[in-house]
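**Student:** Using only what follows, build the 3D model:
(2 chains)
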There are 2 protein chains.
Amino acid sequence: MVFLRLFLVFSLFSIAFSFEHLNSHLLPRPLILEYPEKIDTQLKGFEDDELRLRCSSWRFAAETNNLSPWKTIPEECASYVKEYLIGRGYIFDLETVSNEAGAYAKSVELNGDGKDAWVFDIDETLLSNLPYYAEHGYGLEVFDHVEFDKWIEKAVAPALKPSLKLYEEVLGLGFKVIFLTGRSERHRTVTVENLINAGFREWHQLILRTPGDDGKTATIYKSEKRNEMAKEGYRILGNSGDQWSDLLGYSTSVRSFKLPNPMYYIP
Amino acid sequence: MVFLRLFLVFSLFSIAFSFEHLNSHLLPRPLILEYPEKIDTQLKGFEDDELRLRCSSWRFAAETNNLSPWKTIPEECASYVKEYLIGRGYIFDLETVSNEAGAYAKSVELNGDGKDAWVFDIDETLLSNLPYYAEHGYGLEVFDHVEFDKWIEKAVAPALKPSLKLYEEVLGLGFKVIFLTGRSERHRTVTVENLINAGFREWHQLILRTPGDDGKTATIYKSEKRNEMAKEGYRILGNSGDQWSDLLGYSTSVRSFKLPNPMYYIP
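**Tutor:** Numbers count the residues shown, from 1 in each chain, chains lettered A, B, ... in the order given. A predicted model of the protein is given here:
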């Protein structure tokens, strides 16, 4: 470990020194050295390699449901999570999940009696609250219901594009689309407005939490609702959600698709 | 995209050129340039950034059980997977899961009647077949039962150190340790020999597949075995496995821990 650190420090010194000579034979040597921004990032990345890997392991553990309930992202991973979300990592992950779900949807033979269902969660599954979380440390701040409700009531959350694509595909294939969200019934109007503005213009059911669901974990609340669907004769063939509590429990879907979300955890 | 490529090519040229001056004022200039290995890897990584992210998305999809059954890793991700496995990514991921499982194990209040159980899978959970897969493209080759059996029969698979640590912790806490593996009963002797040599010297039960289990998916076979444990009065409080088929199905554990494995998939 000590050896590695020494090696890193030495390497950084060597590289930093080498840049003093950067194209020095071609350009007049500036009094104040300016390194190309991209290379500076490389060096920083080089220095932070171990931290990046540790944060990647934390994300792996979060996404595979290995962690105990967590309230905020690890402080030392704040930059890692931000970079993942605003860089290409997050969008690539969303695209991969959407493509896999779409391929599965196409492969399913539908009964065609109007009971073939696909269940979608809403937040971080169809709609993105990234603009809100960008203002709140990308998961570094403890969740604030009051502030988040204000954001929801604006009804301006954009669509997650790869999910919009999947939604259109499953609609086109003839699935009954059911939205099952942890949002409260009192947010029905703004939720409908937001969904429509974001391009989700059609659905069979939009299920929100009623006062009777208060105090239930999302796992229980969503299992109960899926169980009601099953009793009404629906075959839940696909389920998309960014939380394991969207997907696990009972009356689970034939196939479940876990979207990435390193910002928050809902039990 | 074209712009990015041009920028990359230009950056690589600039950086490559700058190394010509590496410490040239300190050392006699060599006739044949030798770049530090670490920096060369950095540059390659820089060039392959998009592919690395795409392969990372594939790994995310594999580890979160989003993929359809897959037989081999994507060809274009061969280097990515190899680098992950022989670099620090894999070991860090194993450590994180082991630490989380250990913290959970310590937090559980045991009944103390000898029925508190922790179930461990064996391959890629306690024992590592990485030496075998290193000779078979790290998951790039289609699984070969005959070759793999020859490897198993050598009984030389090393322990996954973070799992050995967890195993010792749960034993020390008083859990009954049960090994539940997809290996065949005819490999009992070599499996016992291998486990002991790798440091796993004590267990309550070692369950292997009997002829009666032929043709069952791992999910069904392992669910049946967990169900038998439950009927015998065991409370399965923890379950560690590298495949979702170790963890899902019925009679599932109170908490399940998914270890990383980007090399193969068992339904």
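**Student:** do you know how far the nearest residue to residue A:123 once chain neighbours are set aside is from chain B?
**Tutor:** Counting by CB to CB, 6 or more residues apart in numbering or on different chains, residue A:129 is the residue found nearest to residue A:123 once chain neighbours are left out, at 5.8 Å. Quick note: C-beta positions are derived from backbone N, CA and C, even for glycine. With distances defined as CB to the nearest CB, to the nearest Å, the gap from residue A:129 to chain B amounts to 20 Å.
**Student:** Regarding chain A, what is its longest helix?
**Tutor:** Taking DSSP state H as the criterion, chain A has its longest helix at helix A:88-107.
**Student:** before we move on, the earlier item: what's around the residue nearest to residue A:123, how many residues?
**Tutor:** Residue A:129 is flanked by 19 other residues according to other CB atoms under 10 Å in any protein chain shown.
**Student:** so where do the helices sit in chain A?
**Tutor:** Listed from the start of the chain, chain A has helices (DSSP H) covering A:2-19, A:37-47, A:49-63, A:78-86, A:88-107, A:130-134, A:145-154, A:161-173, A:188-198, A:218-231.
**Student:** Would you format the ones you listed as CSV with mean neighbour count and mean pLDDT included?
**Tutor:** Putting the helices of chain A into CSV (neighbours: other CB atoms under 10 Å in any protein chain shown; pLDDT from 0 to 100) gives the following:
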stretch, mean neighbour count, mean pLDDT
helix A:2-19, 13, 39
helix A:37-47, 14, 47
helix A:49-63, 20, 97
helix A:78-86, 19, 97
helix A:88-107, 20, 98
helix A:130-134, 16, 98
helix A:145-154, 13, 98
helix A:161-173, 19, 98
helix A:188-198, 17, 98
helix A:218-231, 18, 98
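**Student:** what sits against the residue of the stretch 101-250 of chain A found nearest chain B?
**Tutor:** Of all residues in the stretch 101-250 of chain A, the one sitting closest to chain B is residue A:104 (6.6 Å; CB to the nearest CB). With contacts taken as CB atoms under 8 Å, 6 or more residues apart in numbering or on different chains, residue A:104 has the following neighbours: A:238, A:255, B:68.
**Student:** Please name the bridge partners of the first one.
**Tutor:** The residues listed as beta-bridge partners of residue A:238 by DSSP bridges are residue A:118, residue A:255.
**Student:** any idea how far it is from residue A:226?
**Tutor:** In this view, residue A:238 and residue A:226 are 12 Å apart by CB to CB, to the nearest Å.
**Student:** Check chain A for its longest strand and report it.
**Tutor:** Looking across chain A with DSSP state E, the single longest strand is strand A:176-184.
**Student:** any idea of the angle that one forms with helix A:161-173?
**Tutor:** Orientation check (axes from the mean of the first three to the mean of the last three CA atoms, to 10 degrees): strand A:176-184 against helix A:161-173 gives 140 degrees.
**Student:** what distance separates strand A:176-184 from the centre of its chain?
**Tutor:** Taking CA atoms, centre = their mean, to the nearest Å, the mean C-alpha location of strand A:176-184 is offset from the chain mean by 17 Å.
**Student:** Would you mind putting the CA coordinates of that strand into CSV?
**Tutor:** Presented in CSV, the C-alpha positions along strand A:176-184 are these (Å, rounded to 0.1, in the frame of the first residue of the first chain):
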residue,chain,number,x,y,z
LYS,A,176,-51.5,-2.9,-20.8
VAL,A,177,-49.2,-0.3,-19.2
ILE,A,178,-49.7,0.2,-15.4
PHE,A,179,-47.9,2.9,-13.5
LEU,A,180,-47.3,2.0,-9.9
THR,A,181,-45.7,4.8,-7.9
GLY,A,182,-44.8,5.7,-4.3
ARG,A,183,-46.1,9.2,-4.9
SER,A,184,-49.2,10.3,-3.0
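**Student:** What helices and strands are in contact with that strand?
**Tutor:** strand A:116-120, helix A:161-173, helix A:188-198, strand A:205-209, helix A:218-231 (3 or more CB pairs under 8 Å, 6 or more residues apart in numbering or on different chains; DSSP states H and E).
**Student:** Out of these, which is closest to residue B:86?
**Tutor:** helix A:161-173 (31.9 Å; CB to CB).
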